[in-house]
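>>> Prediction below, plus the sequence it came from.
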Amino acid sequence: MPIHEHSEPIFNAVLPSAVVLTRLGRALVLLAATLLLAGCGNVQSSLMPAGIEAGKIANLFLVMAIGAFVIWLMVVALAFYATVVNPERHSIRVARGLIIGGGVIFPVIVLTSLLAYGLALMPQLRAPIADDGLRIAVSGEQWWWRVRYLLPDGSEVVLANEIRLPVGERVEFLLSSPDVIHSFWVPSLAGKVDMTPGRTTTLTLTPTETGIYRGACAEYCGASHARMNFYVMVMEAAAFDEWLQHQAEPAQAPKSSLAVRGRDAFLFNGCGACHTVRNTAATGKVGPDLTHVGSRLSIAAGVLSTKPDNFRHWIEHPEAVKPGVYMPSFAMLPAEDLRAIAKWLDELQ
Amino acid sequence: MTDRESMTQEERLAAPWRTPRGWRYFSAVNNTQVGTWYIAASFIFFLFAGVLALLMRVQLAVPENDFLSADMYNQAFTLHGSVMMFLFAVPIFEAFAIMILPGMLGARELPLPRLSTYGFWCFAIGGAFVCGSIFFDAAPKGGWFMYPPLATRYQEGIGNDVWLLGLSFIEIASIAAAVELIVSILRTRAPGMRINLMPLYAWYILVVAGMILFAFPPLIAGDLLFELERAFDWPFFDASRGGDPLLWQHLFWIFGHPEVYIIFLPAVALVAMIVPTAAQRPIVGYSWVVLAAIGTGFISFGLWVHHMYTTGLPNISLGFFSAASQAVAIPTGVQIFCFIATIVAGRFVRSVPMLFVAGALAIFVLGGLTGVMIAIAPFDFQAHDSYFIVAHLHYVLIGGMLFPVAAGFYYYFPLATGKMMSERLGRISFWLMFIGFNVAFLPMHITGLAGMPRRVYTYPEGLGFDVLNMISTGGAFALAIGVLVFIVNAVHSRLQHATAPINPWNAGTLEWAIKMPIRPWGLRSVPHVSSRYPLWEQPDLLQHVTEGRGYLADAEEGKRETLLTSSIDAMPTQCLRVPGISFLPLLAAVFTGGAFIFPVFKMYAPAGVSAVLALMVIVYWLWTGTAIVPEKPEKDVGNGLVLPLYSSGSESVGWWATLITMIGIMTAFFSLVFGYFFFWTIHENFPPDNEGPGVTWPLIALAASFASWLLTLFARRWNARDHGFRFYAAISLAAVLAVAGTLAMLAGPHFANMDPTSHVYPAIVWVLVIWTALHVAIGFLMQLYCIARRAAGRMTATHDIEIRNIALYWHFALITVVVTVAVIAGFPLMSGR
């Protein structure tokens, strides 16, 4: 079953300008982008950083890539000279000089400086945030993301497969897993950190550009590892606060009669055993919280765009969208019920 | 006998070495012969894994492809990685080494040919089993790294058991090869070939074999814990019962990183032979290369955490391992510059092997440089588990291993087959492989940084991965066609071309002092070596060797013989009779295979029967084929050199093999002990209060084992003094005490009612106890064996290999007991519990 018929580009992301890169760096990155990523999205690219951490790493990459290319050229040129240009004998002193100069002195100097530069970055990248900063607990589960905003008053706002962040604020992610090892990676914003059962790991990052970015699970986690993605929306602070407040609220009442039927069918068929929709009898904790699922950028962890047809497709054939998925198929429900459930979920803004 | 007298000297020499014909062909026991099987088998596994790679590339050519299902893709990438690493990269080095080392060292045969043969059959059987699983949709699918808890508790089916048991079985072959190679390099060099004169290839193989001894055992220990968790629910990696998935990552990468150099160094070793020949001069910086190889080997054991940068370790650990990972670039660079310097100082002659070496240089240097990049932890936070790593590792492995092996294949083809490979086809295959490789893998650097994770069976369109993946797929097929041309060339050249001349490349090392192709007995006669490049630096050596004027030019008694020399100065010490044709190694491998393969299907009874049969075959093999008392004490090996035919203790190869094997086994044991203390570091309450095996039973086990060890030493002395009664009394009592020690060891946790499925603490204690009890029990069997040998008159006061070797074994067994008792009984006391 080809999935792409159901998934379509979710948005046309604006190219975040790479403010943290040097002028040369930006030129090179844009050149690479034009050549290789022509006409493509860049919502998942570490080469198009939209956060301080990703920017520092992109700079580090550029410095190293240029250095590596120059060194490679020198070694290959030397070998070419000695084999093709002038294959005759040279003095043994020249040869010994090459070993000491090229094999020892040069690498020691280059590697030491690189190590100093690279390691100096690490404390900056991994510094803890202020006590009252924004903390988000993310749990990687086969194959979706449970997201909990930990508010300063001790309360939590629970959602799934989507993260929104205020631009310019340093935030901390508390990462864990109840099942297998996953890895939390939003290339545009920062490097990745593993989510290991029995441990809580942390990742801090500071988004600098508003926009939508895509995250992925980077550690092989089973059949649908490729289908474990999510979106991150970086917003202005005011919009973010408003969004978070809305997410904390219970679900809206159904607006149409179809949606009422959908809610009833959802509850009658036991969906609430796994899913929570706050303000209804659905209080399951196994699967994603669906209280505001209609407001999200994607369903099924970054696989399908949010629209009624896709909700229905997912409920009918989850296995086709996500091989090995734990959610059972509900293809046996009457078509009208499926349509109604999809309608209701879509209305859960 | 008259028959033998009527033969010429050369015929007489060849007779005992003849390879059997017909179905008995598979009873051949000879490193040169087995080496060719080994090479062929590893190439077949290479092609199999290559086809899997092509299937994956087809799947990834376009976004949202459904050519392979997610499940089949996951099986394919798991097998691709596992097969390339375990069934091609490591075995191909062992194959090359056992094939070319005898000639290079001037040995007729390496000293333990049956061990090599046994290793080969283990490898072939285990490899076929692991590869075959995919045809039944039962292949492993946890990745070649098999991270728990995914691979332990979240994947149904037998696939992961196939991986664990199948590959553990193959690791036996690697350790067997390591033992064989170390003993050979140290003890079978031609007279006069002091250790600082031996070819660089031998140095590299010595370093790598040593690395195998310390790198593979942690994986074997990890496999043991892993299979105990999968089969019996012992929670070593289950966080909910005190286990930790990271322990596996440590054990796996303590193996996995040295593994990269275990693959890389033997390939560089081939380059170190080809480059001086191409430059027509000795290597520049021989000592630099040797030290760099040793240095690389050492440093490679301190890098494993760079595979774990994103697991959330503290900055200080990341800083240390970043620095160590940078440091390993230096000895690697020294080796590369020594080769370049040799070419600069020499007059370079073009050849197809050198073309592959040049391609290897261009590819490997780039892979090394991206390696330096990802060694810097912050950059790895982005690159880790992305396609950037896929690009990096293929640059390192294909540049550092596949191309040099192709060069070595070309270079040594005349030695193996007596034919030269075609130059034209060689160039075509090189350029197809070189260009195809770069087209496939260069774009992956960008694909990874553009955000594509590894091990995904598909990707959505519009993320910037589409074009890059299509290009990579095209390149992969070009690379595959290049490999195909290479195979056609090999087959065609073998069938068509005229015989190669002696020393076709005008090389300087001893393996070329031979009429192509090499024979199972190696050189016509063994020379006295006094230089690093004897064919260049010792005039008339070639004639001296080929005219049979060296040592061991004859085999008067119709036996396979080779010279043993001292490990540093290569002074002749013994004329060693090596075993020949036998089905026993094959039979032992089949039964060992049963012991490993039946448990995959939870058929424990047949597995037990197989294990007993394997043990019986091995005992029969030892009984009939080792420590044979010769018909005369010494013989003249030519040129007036008279050498003993028997020696025991540290003079004998069996003693060395025991020592080396025990070092490997101790490494596995210490990996388990590492596990115990790893759990101690992550738990507040470990070991838990009053839950241990206590001190009484462990101390009884210690006392019994100590007494058994002491009596074994007395038995050795009384045997040497020919006090028969005292010998039997001491060793019988020792055997009884060994049984007591075994039982007392197991009694501790048993009577403390420790349930290994309840928590990781009882589980790790049980593992240490069972491991130790098993080693004491094996010591018991060895004691019985010595009693039987002396009773049968096969062991005497002067011919005492057996008792000396088992005394050596018992030293290690006793250390195991002491450490285990200290850990399970002493440590809880020390830590106040």
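Ah, there it is.

>>> And the helices in chain A?
Taking DSSP state H, the helices of chain A run over residues A:23-36, A:52-80, A:92-100, A:106-126, A:237-248, A:257-268, A:308-316, A:318-321, A:335-347.

>>> list the contacts for A:Phe311?
A:Phe311 makes contacts with A:Ile299, A:Ile341, A:Ala342, A:Leu345, A:Asp346, as judged by CB atoms under 8 Å, 6 or more residues apart in numbering or on different chains. Any C-beta I mention is one placed from the backbone N, CA and C, and that applies to glycine too.

>>> And those, which two are furthest apart?
A:Ile299 and A:Ile341 (12.5 Å; CB to CB).

>>> How about the contacts made by the closest residue to B:Gly638 other than its chain neighbours?
Using CB to CB, 6 or more residues apart in numbering or on different chains and skipping the chain neighbours, the partner closest in space to B:Gly638 is B:Tyr551 (4.5 Å). With contacts defined as CB under 8 Å, 6+ apart, B:Tyr551 is in contact with B:Pro191, B:Ser525, B:Val526, B:Pro527, B:His528, B:Leu563, B:Pro572, B:Val637, B:Gly638, B:Asn639, B:Leu641.

>>> In JSON lines, list those residues along with pLDDT.
Listed next are the contacts of B:Tyr551 as JSON lines, based on pLDDT from 0 to 100:
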{"residue": "B:Pro191", "pLDDT": "97"}
{"residue": "B:Ser525", "pLDDT": "95"}
{"residue": "B:Val526", "pLDDT": "96"}
{"residue": "B:Pro527", "pLDDT": "96"}
{"residue": "B:His528", "pLDDT": "96"}
{"residue": "B:Leu563", "pLDDT": "96"}
{"residue": "B:Pro572", "pLDDT": "97"}
{"residue": "B:Val637", "pLDDT": "95"}
{"residue": "B:Gly638", "pLDDT": "93"}
{"residue": "B:Asn639", "pLDDT": "92"}
{"residue": "B:Leu641", "pLDDT": "95"}
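
>>> Using JSON lines, lay out those residues together with distance to A:Ala238.
Shown next, in JSON lines, are the contacts of B:Tyr551 (distance: CB to CB, whole Å):
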{"residue": "B:Pro191", "distance to A:Ala238": "87"}
{"residue": "B:Ser525", "distance to A:Ala238": "92"}
{"residue": "B:Val526", "distance to A:Ala238": "88"}
{"residue": "B:Pro527", "distance to A:Ala238": "88"}
{"residue": "B:His528", "distance to A:Ala238": "89"}
{"residue": "B:Leu563", "distance to A:Ala238": "87"}
{"residue": "B:Pro572", "distance to A:Ala238": "89"}
{"residue": "B:Val637", "distance to A:Ala238": "94"}
{"residue": "B:Gly638", "distance to A:Ala238": "96"}
{"residue": "B:Asn639", "distance to A:Ala238": "97"}
{"residue": "B:Leu641", "distance to A:Ala238": "95"}
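
>>> Could you save those residues as TSV and add columns showing secondary structure and neighbour count?
Below are the contacts of B:Tyr551 laid out as TSV (DSSP: H, G, I helix; E, B strand; the rest coil; neighbours: other CB atoms under 10 Å in any protein chain shown):
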residue	secondary structure	neighbour count
B:Pro191	coil	23
B:Ser525	coil	25
B:Val526	strand	26
B:Pro527	coil	24
B:His528	coil	19
B:Leu563	strand	25
B:Pro572	strand	19
B:Val637	coil	24
B:Gly638	coil	15
B:Asn639	coil	14
B:Leu641	coil	15
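
>>> Distance from the chain centre to the helix or strand hosting B:Val736, please.
Per DSSP states H and E, B:Val736 falls inside helix B:724-751. Chain-centre distance of helix B:724-751: 34 Å, with CA atoms, centre = their mean, to the nearest Å.

>>> Run the contact check for the longest helix along chain B versus chain A.
Determined from DSSP H, the single longest helix within chain B is helix B:245-279. Yes. With CB under 8 Å from any CB of the partner chain as the criterion, chain A is reached by helix B:245-279 at B:Pro245, B:Leu246.

>>> helices and strands around that helix, which ones?
helix B:90-105, helix B:200-232, helix B:286-299, helix B:329-345, helix B:352-375, helix B:387-397, helix B:403-417, helix B:653-682 (3 or more CB pairs under 8 Å, 6 or more residues apart in numbering or on different chains; DSSP states H and E).

>>> got the angle for it vs helix B:200-232?
Per axes from the mean of the first three to the mean of the last three CA atoms, to 10 degrees, the angle that helix B:245-279 makes with helix B:200-232 is 160 degrees.

>>> quick one: least confident helix or strand in chain A?
In chain A, no helix or strand scores lower on mean pLDDT, DSSP states H and E than helix A:23-36, which sits at a mean of 53.

>>> any idea whether B:Leu768 is helix, strand or coil?
Using DSSP: H, G, I helix; E, B strand; the rest coil, the structure places B:Leu768 in helix.

>>> What's the per-residue pLDDT of the residue nearest to it when sequence neighbours are not counted here?
The spatial neighbour of B:Leu768 that comes closest, neighbours along the chain excluded (CB to CB, 6+ apart), is B:Thr820 at 5.0 Å. With respect to pLDDT, B:Thr820 scores 98.

>>> Tell me how many other residues crowd B:Thr820.
29 (other CB atoms under 10 Å in any protein chain shown).

>>> pLDDT score assigned to B:Thr2?
52.

>>> Find the residue at the geometric middle of the chain.
Assuming you mean chain A. Using CA atoms, centre = their mean, the residue of chain A that lies closest to the mean C-alpha position is A:Gly215, 1.2 Å off.

>>> that's the wrong chain, I meant chain B
Central residue of chain B (CA atoms, centre = their mean): B:Ser174, at 2.8 Å.
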